[in-house]
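Enquirer: with the sequence up front, the predicted model follows.
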Amino acid sequence: MRSRSMFSGLGVMLLFPAIALAQAPPPPPLTPLPPPPAPPGNPVTAAKASLGKVLFWDEQVSSSRTIACGSCHQAASGGSDHRSILASAHATNPGLDGVTGSADDITGSPGVVLRQSSGAFAWSPVFGLNPQVTPRLAPSHINAAYSPVLFWDGRATGSYADPVTGTVVLPNGAALESQSAGPPLSSTEMGHQARDWNDVVARIQDATPLALSASMPAAMSSYLGGRSYPDLFAEAFGAAGVTASRIAMAIATYERTLFSTQTPFDSLIAGTPGLTPQENAGFQLFGRLRCAVCHAGALTSDHAFHYTGVRPADEDSARMLVTHDPADLGKVRTPGLRNVALRRTYMHDGRFSTLADVVDFYDRGGDFSAPNKDPLIVPLHLTPQQKAALVAFMSRPLTDPRVAAATSPFDQPALYSESNLVPFRLGGGVAGTSGVAPEPVALEPAIAGNPSFTVGIDGAPGGAGAVLVIDESEPATGAGIPSNGSFARQAITLGGAGASDGFGSVTLAIPDDAAMLGKTLFGRWYVDDPGAPGGVAASAAFRFRIFGPHGSGLSSLTVGTAPSSLRLSIGGPNPFARQTRVNFELSRASRVRLGVYDVSGRLRRTLLARPIAMPGSYSLQWDGRDDAGSGVAAGVYFYRLQTERDVQSARVVRVP
């Protein structure tokens, strides 16, 4: 069949005669995407790819047992992070100035709470005891196997060296192996401070594969068949041994099976046109505007680095950090556009939330300039119809239905972090000097045999004594600090200073005891605080269940992401004069913001804004005052509760 040139100039001249751009040489003909190449030293095999898939989705690889590679890379979000939502506190890195809410904020990926090698939480000057956020948006892992270098700055090269010995294992074609060796050691993404590969290998060696996943695709379950990681490594590599290089090679092999070649665009390349008139107009315009110079070929990427004016070049040195060439300041790698419409945010800093925003950005010629700005980034003066056509072309025609539906090979097991295995926050608590009760931080799995189940406390007086009590019954408040706990009672001195900046944590071992499976336990922190009733402030209580591999030992279990992550109850009393109370529940750990608005939609009072909140029940009081401390007028108001996925509102009336 005759090959097709990528973009026909005549079609767009007829459709968009107002565009006056210099004629460019015609691009080479489009050819179908072949399977991505593999380095000779790491050929693709079914056993190795299956092992890599298990490792990619196993949250136990992280120090906290709460983050997997797949936490940040999911097919239904186009291979990017479904949690990365513009302006969401849980996914915001403050950028170069270190201040959130400013122009250089970055939408990144939530990672782990900063922690020491002992398991104890460490205080992050930026994120406190909240999960840290990466300083760049997670790029798609789908079709990543075609790129000769990876990461936005290209620091993962084709030469892969064993991270333990430094010996070059794969001299070329191994960018995926190089990339996969980074996140497990990052104290922001998956690791703890000073983590090394010996720690990662030991963790995998001893873990039950995917023990935290309560459900998984049938093919994955059949592949595991109750085998251990050493068994799986021996099968995949032909000899026993779990090593750092083998972990990287297995994950890379799995990613080489994730190539997306069943889009309408692929049918077009094969000579079977199937685009709508608007999509075809956008296809032609894409070439005429020379978008295809950088987003080139069937893959829609030239694998090169460009500064396009998203932000000032010196905010993120990007490629220059690798090459040390000033000409590379601010340049980032061209992302492919396949499945781009599924992504939640765009650009390396997650600056835009829709494809229409991206088109507007390029239409105005970028937002900033520098001597090395790509000369193709100039104002385009597009009409609304032209912009809509470009968005239409980048949507359905570039979307593989298998990716959108997360079906094989893009399917996945359930994640612990999206199940009801996560500890659940209960109501209650006793406020101290700050006027707010301390907050428990418990996000890690209480799986039998976990030697490092860490529970933190935040928002208490710095330097105060604190006691964590965990018992089979909910520890009570109002009678001082309990003298014992059936599971644990540990005292610590809090770090930090001030009435509400104190923090600390306790790391416990969950016994590997079958008799403990299914047991429900309750925890609460108590803090010495002279400003609290009886001199003791108390956190909200929390509840968790001890479970076995794959959720065994539990009579009921919810897996996956609930359709709604919250439930808001109407305030009471309602109407109210002096105060009213708002109750709500979160079904999973989430960013949460609760505000009071007047009938014009103006925010009058922020009752709660937390980058990450435990699943559970919450109760807050509104005293009828605004954020400035002034009483609001009588009338109708609305509570608005928002997480990264859901928004709910309830009506309340204030009377004189």
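Expert: Looks like it arrived, so ask away.
Enquirer: so where is the protein shaky, pLDDT-wise?
Expert: Scanning the chain for pLDDT under 70 picks out the ranges 1-28, 556-566, 570, 611, 644-645.
Enquirer: give me the residue at the spatial middle of it.
Expert: residue 109 (3.7 Å; C-alpha atoms, centre = their mean).
Enquirer: show me what contacts it?
Expert: Counting by C-beta atoms under 8 Å, 6 or more residues apart in numbering, residue 109 makes contact with 71-72, 81, 83-84, 91, 133-134, 137-138, 189. For every residue, glycine as well, the C-beta is placed using N, CA and C.
Enquirer: of these, just say which sits nearest to residue 636.
Expert: residue 91 (32.8 Å; C-beta to C-beta).
Enquirer: what's the closest non-adjacent residue to that closest one?
Expert: Distances taken as C-beta to C-beta, 6 or more residues apart in numbering put residue 84 closest to residue 91, at 4.8 Å, once the chain neighbours are dropped.
Enquirer: circling back: relative to residue 285, how far out is the residue nearest to the centre of the chain?
Expert: Distance, residue 109 to residue 285, by C-beta to C-beta, to the nearest Å: 33 Å.
Enquirer: ok, and for the lengthiest strand in the chain, which residues are buried?
Expert: Counting by DSSP state E, the longest strand found in the chain is strand 603-613. Under the neighbour-count criterion of 16 or more other C-beta atoms under 10 Å, strand 603-613 has 604-605, 607, 610-613 buried.
Enquirer: next one: phi and psi at residue 217?
Expert: Main-chain torsions, residue 217, degrees, to the nearest 10: phi -60, psi 150.
Enquirer: for it, which non-adjacent residue is spatially closest?
Expert: residue 411 (4.8 Å).
Enquirer: what about that neighbour, how many residues close to it?
Expert: 17 (other C-beta atoms under 10 Å).
Enquirer: hmm, residue 215 and it touching each other?
Expert: No. Using C-beta atoms under 8 Å as the test, residue 411 is too far from residue 215 to be in contact (11.4 Å).
Enquirer: measure stretch 576-585 end to end?
Expert: One end of stretch 576-585 to the other measures 22 Å (C-alpha to C-alpha, to the nearest Å).
Enquirer: buried residues of it, list them for me.
Expert: Those would be 576, 580, 582-585, for stretch 576-585 by 16+ other C-beta under 10 Å.
Enquirer: the closest residue to residue 586 other than its chain neighbours: what's it in contact with?
Expert: If the residues on either side of it in the chain are set aside, residue 586 comes closest to residue 615, at 5.0 Å by C-beta to C-beta, 6+ apart. Residues in contact with residue 615 (C-beta under 8 Å, 6+ apart) are 420, 422-425, 586-590.
Enquirer: dump these into TSV; add neighbour count and secondary structure as well.
Expert: Formatted as TSV, those follow (neighbours: other C-beta atoms under 10 Å; DSSP: H, G, I helix; E, B strand; the rest coil):
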residue	neighbour count	secondary structure
420	18	coil
422	22	coil
423	25	coil
424	23	strand
425	25	strand
586	23	strand
587	21	coil
588	22	coil
589	25	coil
590	22	strand
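Enquirer: just send the residues you listed back as a markdown table, with distance to residue 399 too.
Expert: Below are these laid out as a markdown table (distance: C-beta to C-beta, whole Å):
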| residue | distance to residue 399 |
| --- | --- |
| 420 | 32 |
| 422 | 32 |
| 423 | 37 |
| 424 | 37 |
| 425 | 38 |
| 586 | 31 |
| 587 | 29 |
| 588 | 27 |
| 589 | 30 |
| 590 | 27 |
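Enquirer: now the helices for the stretch 1-150 of the chain?
Expert: For the stretch 1-150 of the chain, helices defined by DSSP state H, counting those that start in this stretch occupy the ranges 9-15, 46-57, 69-72.
Enquirer: mind giving me the packing neighbours of the last one?
Expert: Applying 3 or more C-beta pairs under 8 Å, 6 or more residues apart in numbering; DSSP states H and E, we find helix 69-72 packed against helix 46-57.
Enquirer: what's the answer for the longest one, then?
Expert: The criterion is 3+ C-beta pairs under 8 Å, 6+ apart, and the helices and strands that helix 46-57 contacts are helix 69-72, helix 218-224, helix 229-237, helix 244-255.
Enquirer: nearest to residue 296, out of these?
Expert: The nearest among the helices and strands packed on helix 46-57, by C-beta to C-beta, is helix 244-255 at 21.7 Å.
Enquirer: what about residue 369, how many residues nearby?
Expert: Other residues close to residue 369 by other C-beta under 10 Å number 13.
Enquirer: now the strands for the stretch 451-600 of the chain?
Expert: Counting by DSSP state E, counting those that start in this stretch, the stretch 451-600 of the chain has strands at residues 453-460, 465-471, 488-493, 502-508, 520-528, 536-538, 542-545, 566-568, 580-586, 590-598.
Enquirer: now those in TSV, with distance to residue 293?
Expert: Compiled in TSV, the strands of the stretch 451-600 of the chain are given as follows (distance: least, C-beta to C-beta, whole Å):
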stretch	distance to residue 293
strand 453-460	50
strand 465-471	59
strand 488-493	59
strand 502-508	51
strand 520-528	58
strand 536-538	62
strand 542-545	54
strand 566-568	45
strand 580-586	46
strand 590-598	38
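Enquirer: out of those, nearest to residue 377?
Expert: Of the strands of the stretch 451-600 of the chain, nearest to residue 377 by C-beta to C-beta is strand 590-598, at 33.3 Å.
Enquirer: for that closest one, list every residue counted as buried.
Expert: Of the residues in strand 590-598, those buried (16+ other C-beta under 10 Å) are 590-596, 598.
Enquirer: from those residues, which is closest to residue 482?
Expert: Nearest member of the buried residues of strand 590-598 to residue 482, counting by C-beta to C-beta, is residue 592, at 29.2 Å.
Enquirer: that closest one is in contact with residue 643, isn't it?
Expert: Yes. Residue 592 lies in contact with residue 643 (C-beta under 8 Å); the separation is 5.5 Å.
Enquirer: for residue 533, which non-adjacent residue is closest in space?
Expert: residue 430 (6.4 Å).
Enquirer: is that neighbour bridged to anything, and to what?
Expert: Beta-bridge partners for residue 430, by DSSP bridges, are residue 538.
Enquirer: is it true that it touches residue 477?
Expert: Yes. Using C-beta under 8 Å, residue 430 is in contact with residue 477, at 5.2 Å.
Enquirer: which of these two has more neighbours?
Expert: For residue 430 versus residue 477, the count of surrounding residues by other C-beta under 10 Å is larger for residue 477: 23 against 20.
Enquirer: give the contact list for the spatially closest residue to residue 569 that is not a sequence neighbour.
Expert: Leaving aside its chain neighbours, residue 569 sits nearest to residue 583 (4.3 Å; criterion: C-beta to C-beta, 6+ apart). For residue 583, the contacting residues are 568-569, 617-619, by C-beta under 8 Å, 6+ apart.
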